[in-house]
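Chemist: need a structure here:
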Amino acid sequence: LYGKCGILSMCAELFELRQSVQQQRQKQSDTILLYNAMMNAYGANGQLSKAKQLFHAMQNELGVVVSDSYAILLNCCSHFANVDEAKQIWNEEIEDDRIRYDKYVSTSFIDCLSRNGYVQDALQYIEAYENYNGNKPDDIMWMSVLSACKKYGNRELGQYVYEQYMQRFEHFKDNKIYAKKLASASALYANLKNATETTHDVAKDKYSEIDMYGTVHKFFMYDAKSAHAKEVVVKTTLDGLNELDYKNDTDVTSMHHSERLAIMFGCMNTPKDYNIVVNKNGTICSDCHAFLTYLANAEKRTITV
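Modeler: Prediction:
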């Protein structure tokens with residue numbers, strides 16, 4: 001919880017306190033969970049070097065590293081565009097193929113490659129994963145590559161990835177949640193007959209909340225009726241964001257996502273030393289993720305979703 005809110009000093013204090021208790025109990029599994037939680041907190045807040053230091057400290061203390069720990073470390077690299085670090089971990093630090101081709105470890109590495117434009121490489125690692133010891137195809141890996149094809153404008157490869165996805169996961173096509181994911185990830189909207197309609201069906205109950213000085217403000221996606229939302233949409237036009245060197249990753253509709261409305265409303269109505277915390281009852285798209293990074297840097301303030 002403290003890690004999600006960016007309060008790393010409290011995380012570190014609890015980690016040290018809890019670690020002393022675990023050492024007395026000498027239960028290795030609990031110690032690993034403790035290290036993983038602290039590594040995740042560092043990684044989520046952009047402190048990859050501290051996450052790695054903790055990772056090696058766990059190695060030295062326990063003499064063993066589980067697959068979950070590698071997955072956390074690779075996920076940190078993914079979200080902070082450190083592909084070289086991820087490749088070093090994959091190629092040099094992971095010595096056991098059983099860990100390397102663990103579903104969560106491979107997913108984190110493939111996501112890192114896809115998110116940062118190494119789409120062909122990501123496909124090769126998916127193939128290697130599926131060829132290892134009878135591993136079953138994983139939809140999250142393929143969805144990650146499909147999203148990357150759209151993000152980087154590779155329509156031809158996107159067609160191939162989409163076809164491969166549907167061959168493996170055709171049973172998902174009638175599921176509204178997966179239809180929404182496909183509509184968001186694929187550049188081939190013509191092949192997704194009812195996907196855009198289901199996007200609105202799934203999104204209508206999603207909202208984001210921001211608590212400002214004891215008052216909770218709630219925003220819904222495409223909430224044009226809200227007076228607050230109307231004001232925020234005006235403030236979040238693409239022309240205004242060009243000053244931040246930000247380019248919209250999807251289309252103008254993402255400007256109406258509930259978390260973006262809530263955050264911009266918070267920025268407009270609080271001083272810069274006020275930490276903005278938004279609670280959302282759904283997932284956050286890649287474009288909003290990039291947008292928040294730009295906005296936090298431009299505003300020089302802490303924003304937590």
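Chemist: what sits against N116?
Modeler: Counting by C-beta atoms under 8 Å, 6 or more residues apart in numbering, N116 makes contact with S78, A81, V83. To be clear about C-beta, it is placed using only N, CA and C from the backbone, and glycine gets the same treatment.
Chemist: where's it relative to R301, distance?
Modeler: Using C-beta to C-beta, to the nearest Å, N116 is found at 26 Å from R301.
Chemist: For D121, what are phi and psi?
Modeler: In terms of degrees, to the nearest 10, the main-chain angles of D121 are phi -60, psi -40.
Chemist: One more: G214?
Modeler: Dihedral angles for G214 - degrees, to the nearest 10 - are phi 90, psi 0.
Chemist: Could you measure from it over to F291?
Modeler: According to C-beta to C-beta, G214 and F291 sit 27 Å apart.
Chemist: With neighbour numbers in mind, choose between these two.
Modeler: For G214 versus F291, neighbours defined as other C-beta atoms under 10 Å are more numerous around F291 (25 against 5).
Chemist: wait, isn't the more buried one in contact with R260?
Modeler: Yes: assessed by C-beta atoms under 8 Å, F291 is found in contact with R260 at 6.4 Å.
Chemist: Going along the chain, name the helices of the stretch 201-305 of the chain.
Modeler: Listed in chain order, the helices found in the stretch 201-305 of the chain under DSSP state H, counting those that start in this stretch are 227-235, 238-241, 258-269, 286-299.
Chemist: Compare those helices and say which comes out lowest on pLDDT.
Modeler: Across those, the stretch with the lowest average pLDDT is helix 238-241; it has a mean of 47.
Chemist: burial of N297, as a residue count?
Modeler: N297 has 10 nearby residues by other C-beta under 10 Å.
Chemist: For the residue nearest the centre of the chain, grab phi and psi.
Modeler: In the chain, the centroid-proximal residue (C-alpha atoms, centre = their mean) is H79; its distance is 6.7 Å. Per-residue torsions, H79: phi -80, psi -10 (degrees, to the nearest 10).
Chemist: That one is in contact with N40, isn't it?
Modeler: No: proximity of H79 to N40 does not meet the contact threshold set by C-beta under 8 Å, at 11.1 Å.
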